[in-house]
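Peer 1: I'd like to go over a predicted model; first the sequence, then the structure.
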Amino acid sequence: MTGRTPLIALMVSLLSLSAAFCQDKMMPGEFDPDAARALQSNTDVLGEEVLASGEPSFSRVENYFPAMKRPRAIVGVKDHTDFIGVGWDGTLELGKGPPGTFGRVQISFHLGDPPSPYNGEGAVTRSLLGAFLPVVQTRWQFAGLMYEETVLGHSQNLSPDEPLWAYVRLRVTNPREQESSVRITVYSTPALGGPVPSYSARIPAHQQHDFYFNTPNTVDPQHLVFPISAAEFDQALNETAAFWNKLLNQNMVIRTPETRVNDAYRAWLMYNFLNVPKINGQYMIYDGRPFYEQVYGYSAALYCHALSQYGYGKEAEKYLESLFRTQRPDGAYITIYGMPDNGALLFALARQYELGRDLDWFKKVAPRMVKSCEWISRSRATTKVMQGGTKPLTYGLLPAGPAYCDYQTPVYSYVSDSYNWLGMHEAALAFQEAGMAAEGKQWLREANDYRDDILTSMQAALVDVGGFKALPVEPLTQRLLKQGGGDYYGLIAPAILETEIFAPKDERTSWITRYMDERGGLLLGLDRYADGVDHAYTYGYALTQLRDGNIGKFLLTFYAMLAYGMSRGTYSAVEVTHLPFGINELTLPHTYSNTQQLRMLRMMLVREEGNDLLLASGTPRAWLEAGGAISVQRAPTPYGLLSYNLAADTAGNQFRATIEPLSAGTGDYPEHVKLWMRTPRAGEKPKDVTLNGKPWSFFHDDVIDLPGTMMREKLEIVARY
């Protein structure tokens, strides 16, 4: 996606494209055969190829295109107003320099004599300390020596109110049989006019030497870095690691046979926390730093929902309350994103109460929610006007308004309406559960009427696109539909699907999914944008595949997201990757992308559908190969905290599930609990199933059905094949 902040987007695009093309000597149009085949087809030929040969996996999608070549990460302190960027080559991106300098200051470490930046000798590899902590480690070779740079952000007592410092350890290893000399020279961009410091050492054969530095985020031109002791660095490192290990493991914890998955979701949580500074007492949910230092209401609200899903309810509540600061007096919440913001905020508020059950907090925010619902109702009333005795296409919809941040011209939009319907519907249910019966009844009746008007309008707005009907996102202009699937239609239309305005297996979802499938909307299961992907926007499409039981298509999106939507070593999610070249925009780590990845992983493992609780419905079959195990601990649900384990025996013939009793709930239970045991042998049914040692006959295919009231006790399920 481009165009949110045009100047920044243009600068970012030009910088990333020019740097990558110069380095790799590849110009636009020079595609390898796979890329050419994919870009010239209206269908997802590469995705179809993967699906035809079995269930998708990371290894089966990772080699179609280059991995991201210019990843970026950030480090810092939770809630801090500042942050530190770390470039693909370990360059530090700090705060502004002295007056007269433009933008952020970069600190780089040049090697050798004469000083040289990294010159392409060998591959640069990147990782996070502990695989998910905000400590970036960059490794490379130069002149026969091995270099490892470790960078973290630290403040006194990790306080967001104390100055932020970058801490750096440069470890140089000499693999040679003879002693070697090493020299490190520190430079800034732009040059700040102070001295250019350098540091030297001699390293015996097969030994290493560590250089330690720190530098304030507000750079001192006379002291680019300050040499510090190993003890000072280790203290900052240990405090940072202890804080983030506790934070990222204290709530919902996921364990799968894929280390990549186990590490990545905690990195997504970490990056998003660092993208939320507390400024003047308010939490600013930025979509990225420094490139999107604005609050896009839709994205911000969905991030709060992801926090609710993963057990970070207190953070979600604080963040959601901060969003109210820009709610208008008439009740509308519309930011620079557009009218979907209002519905997304209502949805996130309602779901936080559903998963957190903090009645005092909900009673505090409920009046704001009522005002928001009233704005929707008043706005819809203005379009409920008959024309010539019939209902016009826009009858009962919200009036024309800004529907998407890149297109601010007022339009009628089914995304605006679908999200505001969702928000009102979920708010009504929350009102009922919180004992606000009158409000619940009123707004549920209004929401049902609203949905009827939306669906009636959609049916009338369908466009024949050569053999099938497609839904224009904007019913009057049909602008996005005319662009084709590989443009903004593929980015925006799936947001309708993520509201679940259509029931599972509803053929009306094909009004969107078929257009994406057959009009160039997908690359390897991801939303296509020109020659690349904007993977986060595939969420609604992927959710639809999962709800309809198309697990292969769902997993294609999931694994392609892991391979191309983020850096492979540091799990830093990006807004756009140009797949043929491995060129990523510099919009990373990107809050919205991290959010949708978190929500997608959660729905693989725990998902609500109506009054049913669905467990492990989207897991890969490979996760339960012989000896494989899946564990979900302390997952918030509307019925309390859920923990379960799935495991295969070493022979792969017996599968055991343990489901703990729902804890800290309201006393309500789901109507049904459906557990998927997606064993490696697709289509093979269990010989028998036992529940707590007794025969159990309620199962079909991969699914074991349980009455929800059984969640009062611990359940042991064994399926033999």
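Peer 2: Yep, that arrived.
Peer 1: per-residue confidence for the nearest residue to Phe273 once chain neighbours are set aside?
Peer 2: When the adjacent residues along the chain are set aside, Phe273 lies closest to Lys78, with 5.2 Å between them (Cβ to Cβ, 6 or more residues apart in numbering). For every residue, glycine as well, the C-beta is placed using N, CA and C. For Lys78, the model assigns a pLDDT of 98.
Peer 1: can you tell me the SS state at Lys78?
Peer 2: With DSSP: H, G, I helix; E, B strand; the rest coil as the basis, Lys78 sits in coil.
Peer 1: how near is it to Ser127?
Peer 2: Separation of Lys78 from Ser127 (Cβ to Cβ, to the nearest Å) stands at 21 Å.
Peer 1: residues near Tyr312, how many?
Peer 2: Using other Cβ atoms under 10 Å, Tyr312 is surrounded by 24 other residues.
Peer 1: isn't it right up against Asn251?
Peer 2: Yes. Between Tyr312 and Asn251 there is a contact under Cβ atoms under 8 Å: 5.9 Å.
Peer 1: for Phe132, give me its contacts.
Peer 2: If you count contacts by Cβ atoms under 8 Å, 6 or more residues apart in numbering, Phe132 has them with Leu248, Asp263, Ala264, Arg266, Ala267, Met270, Tyr571.
Peer 1: how many neighbours does the nearest residue to the last one once chain neighbours are set aside have?
Peer 2: This means Tyr571. With Cβ to Cβ, 6+ apart as the criterion, Tyr571 has its nearest non-adjacent residue at 3.8 Å, and that residue is Ala267. Other residues within reach of Ala267 by the criterion other Cβ under 10 Å amount to 26.
Peer 1: what's the first helix or strand after the helix or strand hosting Ala267?
Peer 2: Taking DSSP states H and E as the criterion, Ala267 maps to helix 259-274. Sequence order places strand 278-279 as the next helix or strand after helix 259-274, per DSSP H and E.
Peer 1: helices and strands around that next one, which ones?
Peer 2: Contact analysis of strand 278-279 by 3 or more Cβ pairs under 8 Å, 6 or more residues apart in numbering; DSSP states H and E lists no helix or strand as a packing neighbour.
Peer 1: from Trp375, how far out is the residue nearest to Arg171 when sequence neighbours are not counted?
Peer 2: Nearest non-adjacent residue to Arg171, counting by Cβ to Cβ, 6+ apart: Glu148, 4.4 Å away. From Glu148 over to Trp375 the distance is 55 Å, taken as Cβ to Cβ.
Peer 1: tell me where the stretch 501-650 of the chain has strands.
Peer 2: 522-523, 526-529, 532-533, 577-578, 583-584, 606-609, 612-615, 629-637, 640-648 (DSSP state E, counting those that start in this stretch).
Peer 1: give the partner strands of the fifth one in its sheet and their orientations.
Peer 2: The one in question is strand 583-584. Sheet pairing of strand 583-584 (DSSP bridges) gives strand 577-578 (antiparallel).
Peer 1: contact partners of the strand it pairs with?
Peer 2: Counting contacts by Cβ under 8 Å, 6+ apart, the residues outside strand 577-578 that touch it are Leu17, Met68, Ala530, Asp531, Gly532, Val533, His535, Tyr564, Gly565, Ile583, Asn584, Glu585.
Peer 1: chain center to it: distance?
Peer 2: Between the mean C-alpha point of strand 577-578 and the mean C-alpha point of its chain there is a distance of 16 Å (Cα atoms, centre = their mean, to the nearest Å).
Peer 1: for stretch 516-531, same thing?
Peer 2: For stretch 516-531 - counting by Cα atoms, centre = their mean - the centre lies 19 Å from the chain centre.
Peer 1: follow-up on the earlier one: give me the number of residues near the residue nearest to Phe273?
Peer 2: Burial measure for Lys78: 17 neighbouring residues, criterion other Cβ under 10 Å.
Peer 1: how far away is it from Pro134?
Peer 2: Between Lys78 and Pro134 the distance is 9 Å, computed by Cβ to Cβ.
Peer 1: what's the overlap in contacts for these two?
Peer 2: Between them, Lys78 and Pro134 share these contacting residues under Cβ under 8 Å, 6+ apart: Leu274.
Peer 1: list the contacts of the closest residue in space to Leu471 that isn't next to it in sequence.
Peer 2: In space, not counting the residues next to it along the chain, Leu471 is nearest to Trp511; the distance is 3.8 Å by Cβ to Cβ, 6+ apart. Contacts were defined as Cβ under 8 Å, 6+ apart; by that measure Trp511 touches Met458, Leu462, Lys469, Ala470, Leu471.
Peer 1: so which residues of the stretch 351-500 of the chain form strands?
Peer 2: Secondary structure of the stretch 351-500 of the chain, counting by DSSP E, counting those that start in this stretch: strands at 463-464, 469-470.
Peer 1: tell me which of those sits nearest to Ala242.
Peer 2: For the strands of the stretch 351-500 of the chain, the distance to Ala242 is smallest for strand 469-470, at 53.1 Å, taking Cβ to Cβ.
Peer 1: parallel or antiparallel, which strands does that closest one pair with?
Peer 2: Partner strands for strand 469-470, per DSSP bridges, with pairing direction: strand 463-464 (antiparallel).
Peer 1: got the contact list for the partner strand?
Peer 2: Everything outside strand 463-464 that qualifies as a contact, by Cβ under 8 Å, 6+ apart, is Lys469, Ala470, Leu471, Pro472, Gln478, Leu481.
Peer 1: for the residues you listed, which two are the farthest from each other?
Peer 2: Of all pairs drawn from these, the greatest distance, 12.9 Å, lies between Lys469 and Gln478 (Cβ to Cβ).
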